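>>> Here is my input, please return the structure:
(chains A and B)
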Amino acid sequence: DSGVTQTPKHLITATGQRVTLRCSPRSGDLSVYWYQQSLDQGLQFLIQYYNGEERAKGNILERFSAQQFPDLHSELNLSSLELGDSALYFCASSVVPHGTGAGGYTFGSGTRLTVV
Amino acid sequence: DAKTTQPPSMDCAEGRAANLPCNHSTISGNEYVYWYRQIHSQGPQYIIHGLKNNETNEMASLIITEDRKSSTLILPHATLRDTAVYYCIEGSKSTFGDGTTLTVKP
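Have a look, this model is predicted:
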């Protein structure tokens, strides 16, 4: 158990639908990151939050949005789902924004989204 | 985000050392180099990070060149369970490249 909790572990939904993925960061971590990994593809950075504020944006589609709440958990909302959105979605957390030498990301075990 | 450069794949015999190279020629002077690995479909796992000096922990060793433009991750005695995709990333970057798929063979 890495300390980063992602729910649900698996999600099957139909095209056009909307889903919400949830992430609870490791205790004490203020920064949350979301990644998408399609089948046999690399990790695509989507978005980062730090202490409730958006910190950085990657290749996140307009149909996707995220937020980080006062208790530091984060939610990733995916709407108007398409078949191509089927992927593993990972959340990671860190104590401070990544790269400061304080240690790396801690990843959750991911949510596997299947759009049918 | 500038990307690091890693060979797409490497093989290693079980029990031998695995040396995984990474070029990070655009790294800034105060940025750390981080290494992670991802075992099939699991969440990536932090391995080690360093700035200038070589580093060692219970998982691996990290050798960073003096000019800091490249580094090598060393798994001293690779096991079958070390088969994974290994990523190196520059400190403040959130972007992972394609990594190196290490296959440890019996």
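
>>> Tell me how far the residue nearest to A:Arg26 when sequence neighbours are not counted lies from A:Gln67.
Among residues not flanking A:Arg26 along the chain, A:Gly3 sits closest, at 3.6 Å (CB to CB, 6 or more residues apart in numbering or on different chains). Using the backbone N, CA and C atoms, a C-beta is placed for each residue, glycine as well. The gap separating A:Gly3 from A:Gln67 is 21 Å, by CB to CB, to the nearest Å.

>>> List the residues that contact the one residue sitting closest to the centre of chain A.
Residue closest to the mean C-alpha point of chain A, counted by CA atoms, centre = their mean, is A:Trp34 at 2.9 Å. If you count contacts by CB atoms under 8 Å, 6 or more residues apart in numbering or on different chains, A:Trp34 has them with A:Cys23, A:Phe45, A:Leu46, A:Ile47, A:Gln48, A:Ile60, A:Ala66, A:Ser74, A:Leu76, A:Tyr89, A:Phe90, A:Cys91.

>>> Same check on B:Thr83?
B:Ile39, B:Leu102, B:Thr103, B:Val104.

>>> From B:Ile39, how far off is it?
Distance from B:Thr83 to B:Ile39, by CB to CB: 7 Å.

>>> and what of B:Thr5?
Going from B:Thr5 to B:Ile39 by CB to CB gives 23 Å.

>>> Would you mind listing what in chain B touches chain A?
B:31-32, B:34, B:36, B:38, B:41-46, B:49, B:51, B:87, B:90-99 (CB under 8 Å from any CB of the partner chain).

>>> ok so, going back, now the residue nearest to A:Arg26: which helix or strand?
Using DSSP states H and E, A:Gly3 sits in no helix or strand.

>>> ok now do it, which residues does it touch?
Shown in contact with A:Gly3 (CB under 8 Å, 6+ apart): A:Pro25, A:Arg26, A:Ser27, A:Thr106.
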